[in-house]
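Colleague: Any chance you could fold what I've pasted below:
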Amino acid sequence: MKKIRVLVVDDSAFMRYTVSHHLSAQEDMEVVGLASDGLEGVTMVEALRPDVVTLDVEMPRLDGLGALRQIMDKNPTPVVMMSSLTKEGAAVTVEALTLGAVDFVTKPGQSTSVHQVLGELCEKVRLAARARVRTMQPSSLLQRRLAPASDRLPDNLVLIGSSTGGPGALREVVTRFPADLNAAVLIVQHMPPNFTRSLAERLDELSALPTKEAEQGDRLQTGQVLLAPGGYHLTLTRSGEVQLNKGPAVNGVRPAVDVTMMSAVGVFGSRILAVILTGMGHDGRDGVRAVKAAGGRAIAQDEATCIVYGMPRSVVEAGLADKVLPLEAIAGEVVSMLSQPASKQQPVRQTA
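Modeller: Predicted coordinates:
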């Protein structure tokens, strides 16, 4: 059995020892190097060409973000970030995910033991070893145009679902939407609380559309992006008002794409354009099936550009995708499809 070759980068000698000792104890892993800061980590990635890098956020000389940028630019490699649970830690981790890191684990704290964190890290290293990484292209900020708030239900809803690899994919898609997009945008990304708020704030900084974490009572607005908060399912009232609840996890997650999509169908019917991006599992498949049954349309990200081709695969293999597209083509296709009423849009499956 070929072992997963891991490079551990952390300025804490205790964490380097603890992480490397635990990973080395796994039958399917071997630690090929230990680096004490970002500069050393970048050099060792070049020399050792590991399968996966575990990367601390806060380090001397070159921090985790700086190291990640250089790794993704010179030698794109699956990276799992080691983050703190603080607000600042969440913001930095989200930026790392938008730059191409595959996933993250939070360092041990009051609510998580070292054993729990190491177990999660092992699973995410295994997942990262199978991931496809790509250098994220810089986004050009489009002109922002703020539309006045309205009580009128938007003409269309673009509903995006994503999981592992989602933050980077969302950056690619949302920052390409024009300010005059004729739709409200709703995103369900599998992430813990705090991290979804940081992701919304990051997307807001980069995109032409105002973006925020959804709150109880928010109304969908044309030309605005709402992101479901971590830890809550998001549903809609008939008037397009956001309702949040802590109901049981669906597909093992909360928020769940399926929950939001099925709720939205009762409000928007055929005026939904569902977009399923990179992620593990099949969350979103049943929701897309409901969207299609109501006359709506669906786009799935293609396998070649996914970090993890799980959620899109489930939609494609169920025959539910109108278009299967590379990540960089999705935003343009959304704009094109919104210009055509659903009844006139021909369901043509496409791979590129």
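Colleague: Would you mark the buried spots in the worst-scoring helix or strand of the chain on mean pLDDT?
Modeller: Scoring the helices and strands of the chain by mean pLDDT, DSSP states H and E places helix 87-98 at the bottom, with a mean of 84. By neighbour count on 16 or more other C-beta atoms under 10 Å, the buried set for helix 87-98 is Gly89, Ala90, Ala91, Val92, Thr93, Val94, Glu95, Ala96, Leu97, Thr98. C-beta: built from backbone N, CA, C; applies to glycine.
Colleague: And the helices in the protein?
Modeller: Read by DSSP state H, the chain holds these helices, from start to end of the chain: 13-24, 38-48, 64-74, 87-98, 114-130, 166-174, 195-206, 257-268, 285-293, 311-317, 327-338.
Colleague: Would you format those helices as a markdown table with distance to Asp56 included?
Modeller: Putting these into a markdown table (distance: least, C-beta to C-beta, whole Å) gives the following:
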| stretch | distance to Asp56 |
| --- | --- |
| helix 13-24 | 7 |
| helix 38-48 | 8 |
| helix 64-74 | 6 |
| helix 87-98 | 11 |
| helix 114-130 | 12 |
| helix 166-174 | 19 |
| helix 195-206 | 17 |
| helix 257-268 | 31 |
| helix 285-293 | 36 |
| helix 311-317 | 29 |
| helix 327-338 | 28 |
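Colleague: rank these by pLDDT, which is bottom?
Modeller: When the helices of the chain are compared on mean pLDDT, helix 87-98 scores lowest, with a mean of 84.
Colleague: and it, what does it pack onto?
Modeller: Helices and strands touching helix 87-98, as assessed by 3 or more C-beta pairs under 8 Å, 6 or more residues apart in numbering; DSSP states H and E, comprise helix 64-74, strand 79-83, strand 103-106, helix 166-174, helix 195-206.
Colleague: closest to Asn251 out of those?
Modeller: With distances scored as C-beta to C-beta, the stretch of these nearest to Asn251 is helix 166-174 (14.7 Å).
Colleague: Quick one: residues in contact with the closest one.
Modeller: In this structure, residues lying in contact with helix 166-174 by C-beta atoms under 8 Å, 6 or more residues apart in numbering are 94, 97-101, 136-137, 139, 160, 162, 185, 187, 189-191, 199, 202-203, 206-207, 209, 211, 225, 275, 277-279, 301, 306-307, 327-328, 330-331, 334.
Colleague: Stretch 13-29: how far from the chain's middle?
Modeller: Counting by C-alpha atoms, centre = their mean, to the nearest Å, stretch 13-29 is centred 27 Å from the centre of its parent chain.
Colleague: Okay, buried residues for that stretch please.
Modeller: Residues Met15, Arg16, Thr18, Val19, Ser20, His22, Leu23, Gln26, Met29 are the ones in stretch 13-29 that count as buried (16+ other C-beta under 10 Å).
Colleague: now stretch 102-119
Modeller: For stretch 102-119, the neighbour count (16+ other C-beta under 10 Å) marks Val102, Asp103, Phe104, Val105, Thr106, Lys107, Pro108, Val117, Leu118 as buried.
Colleague: for stretch 77-85, same thing?
Modeller: Thr77, Pro78, Val79, Val80, Met81, Met82, Ser83, Ser84, Leu85.
Colleague: chain center to stretch 174-193, what's the gap?
Modeller: For stretch 174-193 - counting by C-alpha atoms, centre = their mean - the centre lies 12 Å from the chain centre.
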